[in-house]
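1. Quick one: sequence plus predicted model below, questions after.
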Amino acid sequence: MPGAGHVSKVCSLYKRILLLHRFLPIDLRALGDQYVKDEFRRHKTVPLREGAAFVAEWENYKDTLQNQVLDSSGRLGNVGSALPEDKLKDFQDEQIGQLYELMLESTKPNRQFNIQEDTK
């Protein structure tokens with residue numbers, strides 16, 4: 001069972017990612033926020049070894065996004081990074097399917113989320 005320190009670290013990571021998503025275009029933010037929430041919820045009860053790998057990958061994501069936000073002065077254009085092909089070997093079929101669906105949704109010219117920011 002994970003200790004309080006681990007739980008605190010995961011909660012902090014989760015909150016930091018959602019904070020960084022505020023710099024994304026509004027439709028990508030909605031997509032990203034929902035994906036993060038689903039993934040963290042889905043991994044609440046995984047074995048410790050799988051949980052450690054999960055946290056490490058999300059730490060990498062957070063670091064990449066944070067560096068891109070800092071380098072762009074808050075105006076993000078292209079975000080993310082290429083996924084090395086050798087990393088795909090570690091993915092389960094379900095994860096590859098999820099990744100593919102996420103890629104399709106995030107690269108659509110007319111995304112599912114048609115959210116407008118308030119112009120007040």
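-> That came through, no problem.

2. quick one: low-confidence ranges for this protein?
-> Residues of the chain meeting the criterion pLDDT under 70: 1-2, 74-77, 110-120.

3. Tell me which residue lies nearest the centroid of it.
-> What sits nearest the mean C-alpha location of the chain, by CA atoms, centre = their mean, is V36, with 5.1 Å.

4. OK, contacts around that one?
-> 14, 17-18, 21 (CB atoms under 8 Å, 6 or more residues apart in numbering). In this view, the C-beta of every residue, glycine as well, is placed from N, C-alpha and C.

5. do that again at 7 Å, thanks
-> 17-18 (CB atoms under 7 Å, 6 or more residues apart in numbering).

6. Assign a three-state SS to it, would you?
-> Under the three-state scheme (DSSP: H, G, I helix; E, B strand; the rest coil), V36 adopts helix.

7. mind exporting the longest helix along the chain as PDB, just the C-alpha atoms?
-> Scanning the chain for the longest helix, with DSSP state H as the assignment, gives helix 48-71. Output of helix 48-71 as PDB, limited to C-alpha atoms (Å, rounded to 0.1, in the frame of the first residue of the first chain):
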ATOM      1  CA  LEU A  48       3.400  -0.400  -6.900                       C
ATOM      2  CA  ARG A  49       5.700  -1.200  -9.800                       C
ATOM      3  CA  GLU A  50       3.200  -0.200 -12.400                       C
ATOM      4  CA  GLY A  51       2.300   2.900 -10.300                       C
ATOM      5  CA  ALA A  52       6.000   3.900 -10.300                       C
ATOM      6  CA  ALA A  53       6.200   3.700 -14.100                       C
ATOM      7  CA  PHE A  54       3.000   5.600 -14.400                       C
ATOM      8  CA  VAL A  55       4.300   8.500 -12.200                       C
ATOM      9  CA  ALA A  56       7.600   8.500 -14.000                       C
ATOM     10  CA  GLU A  57       6.000   8.900 -17.400                       C
ATOM     11  CA  TRP A  58       3.700  11.700 -16.200                       C
ATOM     12  CA  GLU A  59       6.600  13.400 -14.600                       C
ATOM     13  CA  ASN A  60       8.300  13.400 -18.000                       C
ATOM     14  CA  TYR A  61       5.100  14.800 -19.500                       C
ATOM     15  CA  LYS A  62       5.000  17.500 -16.900                       C
ATOM     16  CA  ASP A  63       8.600  18.500 -17.300                       C
ATOM     17  CA  THR A  64       8.300  18.600 -21.100                       C
ATOM     18  CA  LEU A  65       5.100  20.800 -21.000                       C
ATOM     19  CA  GLN A  66       6.600  23.000 -18.300                       C
ATOM     20  CA  ASN A  67       9.700  23.600 -20.400                       C
ATOM     21  CA  GLN A  68       7.600  24.400 -23.400                       C
ATOM     22  CA  VAL A  69       5.500  26.800 -21.500                       C
ATOM     23  CA  LEU A  70       8.500  28.600 -20.100                       C
ATOM     24  CA  ASP A  71      10.200  28.700 -23.500                       C
END
